[in-house]
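Peer 1: Just the structure for this:
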Amino acid sequence: MPDRLPDEAQLRVDMAALFRIVARQGLHEAVANHFSAAVSADGRRFLMNPKWKHFSRICASDLVLFDLDGETPDVSRVVDPTAWAIHGQMHRLMPQARVVLHLHPPFATTVATLKDPTILPIDQNTARYFNRVAVDQGFSGMANSEEEGARLAGLLGDKSRLMMGNHGVMVAAETVGEAFDDMYTLERACRTLVQAYATGQPLNVLPDAVAEATARDWESIRDFSVTHFEEMKAILDREDPDYAA
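Peer 2: So this is what the prediction gives:
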């Protein structure tokens, strides 16, 4: 957990920027998919995108503040039922998951449909995920119940990425910037893997020791992830600044 909780107003701005950046990269799914970010230390108060609003139009003021200790929201009105099922349980059961992103990105979802959705370490990006991704192979339809959300949280366990078989992917992180960069790199890693599979040639998989060392190097440069997000946000400030409204 961060040493200092982010200001809610700043968190709203950062989350709105994240939605728009992700839309620009084509990683979203129509008006579905959801991001959430904890406001309170225990994670029980959190922000989430409103029901069925396109990522490219979300502003800071649009984000809905939920309180797990307050009145249960009218899910049918303010938020997608699957969003509440997944993110409500993630923040209830895993307070360390400060920022939670759930997407159906093209290449990560392609890998999620494979019998073996392991992200094999074949380059620097794929090696970031060596032995660091939980896998769900129990897809049974839309995740629209609290029981299903709790099951997914249990599968994530002590990891921060969940490859959701036949579904998509989920990433959890301490900050918005780290969550963004992780999702960005995971999708690029899956793109490389899918393209490598498509050649029909044998993969040159890195030795375990090299893959593990590379993954640890990634974990030592959290400031890289934060800076990546800030740079993307600077582009947004110039080209699409109304996200902060």
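Peer 1: who does Val135 bridge with?
Peer 2: For Val135, the beta-bridge partners are Met163 (DSSP bridges).
Peer 1: which SS class is the one residue sitting closest to the centre of the chain?
Peer 2: The centroid of the chain falls nearest to Leu101 when counting by C-alpha atoms, centre = their mean (2.6 Å). The local conformation at Leu101, judged by DSSP: H, G, I helix; E, B strand; the rest coil, is strand.
Peer 1: and it, what is it in contact with?
Peer 2: Going by C-beta atoms under 8 Å, 6 or more residues apart in numbering, Leu101 touches Leu18, Phe35, Met170, Val171, Ala172, Ala179, Phe180, Met183. Every residue, glycine included, has its C-beta placed from N, CA and C.
Peer 1: Run through the strands of the chain in chain order.
Peer 2: 34-38, 45-48, 64-67, 99-103, 134-136, 161-164, 168-173 (DSSP state E).
Peer 1: Is it possible to get a markdown table of the contacts of Leu101 that adds pLDDT, distance to Val111 and neighbour count?
Peer 2: Listed next are the contacts of Leu101 as a markdown table, based on pLDDT from 0 to 100; distance: C-beta to C-beta, whole Å; neighbours: other C-beta atoms under 10 Å:
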| residue | pLDDT | distance to Val111 | neighbour count |
| --- | --- | --- | --- |
| Leu18 | 98 | 22 | 27 |
| Phe35 | 97 | 21 | 28 |
| Met170 | 96 | 14 | 26 |
| Val171 | 98 | 14 | 26 |
| Ala172 | 97 | 19 | 24 |
| Ala179 | 98 | 19 | 26 |
| Phe180 | 98 | 20 | 27 |
| Met183 | 98 | 14 | 25 |
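Peer 1: between those, which is nearest Pro95?
Peer 2: Nearest to Pro95 among the contacts of Leu101, counting by C-beta to C-beta, is Ala172 at 10.9 Å.
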